[in-house]
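*Asks:* With the sequence up front, the predicted model follows.
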Amino acid sequence: MRLYRSNLKVILPPTGKYKNKNMDHLKDLLETKKTTYLNELLDLLRIPSVSADPAYKESVFQTADFIKDKLIEAGCDGVEVCPTAGYPIVYGEKIIDPSLPTVLVYGHYDVQPADPLELWDSPPFEPVIKEDKIYARGACDDKGQMYMHVKAFQNMMETNSLPCNVKFMIEGEEEVGSENLETFVKAEKERLKADVCLISDTSMIANDVPSICVGLRGLSYVEVEVTGPNRDLHSGVYGGAVANPINILSKMIASLQDENNHITIPSFYDDVAVVSEEERKAMNEAPFDLIDYQKDLEIDKIHGEDGYTTLERTSIRPTLDVNGMWGGYIGEGAKTVLPSKAFAKISMRLVPNQNPDKITKLFEDHFKSIAPPSVKVKVTPHHGGDPVVTPTDSLEYKAASKAYEKTFGKTPIPQRSGGSIPIVALFENELKVKTVLMGFGLDSDAIHSPNEHYGLFNYFKGIETIPYFFKYYTEMKTT
């Protein structure tokens, strides 16, 4: 697709012409709106809504106001920036007929920190378009995917083709564990009442191989602190006589996995759901090129738990990974210090039947038990979430599958994801609704990494496809 630049805006030449107010002409309408919808997303991506860093607090609130304004412009009623103990939740709705089904759309407007900045090819909050991809923090996760729903709704409104009711709940704390979402959901059950929840925060196999996520791993996320002496010491004067917390922490972490990359925490695997050989075989029939996978990551060999394929390791097996580790002196030059403390952040991805609270307790007990008496250990649980598997024989899934078939011309493949969206279990438990995960990103989009990007094809394809989920779900639900 050819792009024309005009200062900070992008102009896309329309290839279609809006004709009639009918869902059959949604694609024609989208063609006339591409320039506007793209520039709106670029404006959204310029706001650094990093929820993890208090320095960006004002920007996070600014982003909530942006979403509020765009929901109003799109045709939502009752749009409100709902305060929480942290960052606000943006709510809006369009109830065309209380007797019709209601779709609850969830997304998040906060983004991951952009660090390390030096690894970005362009500033993370100054979006650029290269090779038909938008490069910016949040381009795919989740601003680009969330904003597809706002624009798809707007297209349905402008063609008088919205077939059912819709409610939007867009939060600003997903990247820090949705700390206040549960409180909001429990307090607003009546307002959030719906028949199905629709989320786009996952990926598909490829642009020519659509897929629908039918499983998410759970999460247990902790921070550990190892303390030795009461202050930093001279490593020459005290080295060899006093425990070095970084050395100790490194050994403790290394012991958490054995030579087969099997997690060594006692009882860690007790509740892991066994996946049948038939399911594993079907899972590995999904298109996947190991050579391309290694080439994309610039690695010579894959690594993981013995006895499982790459697709299995990233979906049906639990993991334990160090996400960050620090302590001592890391500035320029040399400082021969024996540090007082060492820290690490550790995440454990969980599979069906594993309980995040139980896993966190197992980790804490084990980690403290393997610490030598020369140090003190503190484990601080952060956030977590339950694993989820969604059925492929439900009305919700069938409607999503039919929507992909309509716009891609292919039946999507059901696929489990290695990522976690803890709120899916929350919605099922509190709102009693199933969730459909209609993701349009790609695993290669570098979410949470430098140079995150999102394809123009994917952005516009999502806007095109989403209305057909509304159409087919309403038809199936009311038949």
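*Replies:* Done, it's in. Residues are numbered from 1 along each chain as shown.
*Asks:* so what's Met348 up against?
*Replies:* Met348 makes contacts with 219-222, 263, 318-321, 359, 363, as judged by C-beta atoms under 8 Å, 6 or more residues apart in numbering. C-beta coordinates here come from the backbone N, C-alpha and C atoms, glycine included.
*Asks:* what helix or strand does it sit in?
*Replies:* Met348 belongs to strand 341-350 when elements are defined using DSSP states H and E.
*Asks:* now do Lys398
*Replies:* helix 395-408.
*Asks:* Restricting to C-alpha, output that helix in CSV.
*Replies:* Extracted as CSV, the C-alpha positions of helix 395-408 are listed here (Å, rounded to 0.1, in the frame of the first residue of the first chain):
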residue,chain,number,x,y,z
LEU,A,395,-22.2,-19.7,19.4
GLU,A,396,-19.5,-17.1,20.2
TYR,A,397,-16.7,-19.0,18.6
LYS,A,398,-18.8,-20.0,15.6
ALA,A,399,-19.8,-16.4,15.0
ALA,A,400,-16.2,-15.3,15.2
SER,A,401,-15.1,-18.1,12.9
LYS,A,402,-17.7,-17.1,10.3
ALA,A,403,-16.6,-13.4,10.5
TYR,A,404,-13.1,-14.4,9.7
GLU,A,405,-14.3,-16.6,6.8
LYS,A,406,-16.2,-13.6,5.5
THR,A,407,-13.3,-11.2,5.3
PHE,A,408,-10.3,-13.5,4.9
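*Asks:* Enumerate the positions of it that are buried.
*Replies:* 395-397, 399-405, 407-408 (16 or more other C-beta atoms under 10 Å).
*Asks:* Can you pick out the most distant pair from those residues?
*Replies:* Farthest-apart pair in the buried residues of helix 395-408 is Leu395 and Phe408; separation 20.2 Å (C-beta to C-beta).
*Asks:* my read: Phe343 touches Val222, true?
*Replies:* No. With contact taken as C-beta atoms under 8 Å, Phe343 and Val222 are classed as non-touching, separated by 11.2 Å.
*Asks:* need the longest helix for this protein.
*Replies:* Ranked by number of residues, the top helix in the chain under DSSP state H is helix 456-478.
*Asks:* how far off helix 395-408 does it point, in degrees?
*Replies:* Inter-element angle recorded for helix 456-478 and helix 395-408: 140 degrees (by axes from the mean of the first three to the mean of the last three C-alpha atoms, to 10 degrees).
*Asks:* hang on, the earlier thing: out of the buried residues of helix 395-408, the closest to Lys193 would be?
*Replies:* Glu396 (16.1 Å).
*Asks:* Please name the residues that touch the closest one.
*Replies:* 196, 390, 434-436, 473.
*Asks:* try it again with 7 Å
*Replies:* Glu396 is in contact with 196, 434, 436, 473, counting by C-beta atoms under 7 Å, 6 or more residues apart in numbering.
*Asks:* Kindly report the same for Ala139.
*Replies:* Contacts of Ala139 (C-beta under 7 Å, 6+ apart): 45, 127, 452-454.
*Asks:* please redo it, this time with the cut-off set to 10 Å
*Replies:* Ala139 sits next to 41-42, 44-45, 111, 124, 127, 133, 145, 441, 445-447, 451-455, 458-459 when contact means C-beta atoms under 10 Å, 6 or more residues apart in numbering.
*Asks:* And what about the most centrally placed residue in the chain, helix, strand or coil?
*Replies:* For the chain, Asp201 is the residue whose C-alpha lies nearest the centre (C-alpha atoms, centre = their mean; 5.0 Å). Three-state assignment for Asp201 (DSSP: H, G, I helix; E, B strand; the rest coil): coil.
*Asks:* Pull up the gap between it and Lys70, please.
*Replies:* Asp201 is 18 Å from Lys70, where distance means C-beta to C-beta, to the nearest Å.
*Asks:* Next: Pro127.
*Replies:* 17 Å.
*Asks:* what's the answer for Lys471, then?
*Replies:* 23 Å.
*Asks:* same thing with His383?
*Replies:* Plainly put, His383 is 28 Å away from Lys70 if you go by C-beta to C-beta.
*Asks:* okay, those two: which has more neighbours?
*Replies:* Lys70 (20 against 17; other C-beta atoms under 10 Å).
*Asks:* Grab the nearest non-local neighbour of that one.
*Replies:* Val150 (5.5 Å; C-beta to C-beta, 6 or more residues apart in numbering).
*Asks:* what's near enough to touch Glu175?
*Replies:* 49-52, 108, 110-113, 138, 141-142, 448.
*Asks:* So for it, what's the pLDDT?
*Replies:* On pLDDT, Glu175 comes in at 95.
*Asks:* three-state assignment of it?
*Replies:* Strictly by three-state DSSP, Glu175 counts as helix.
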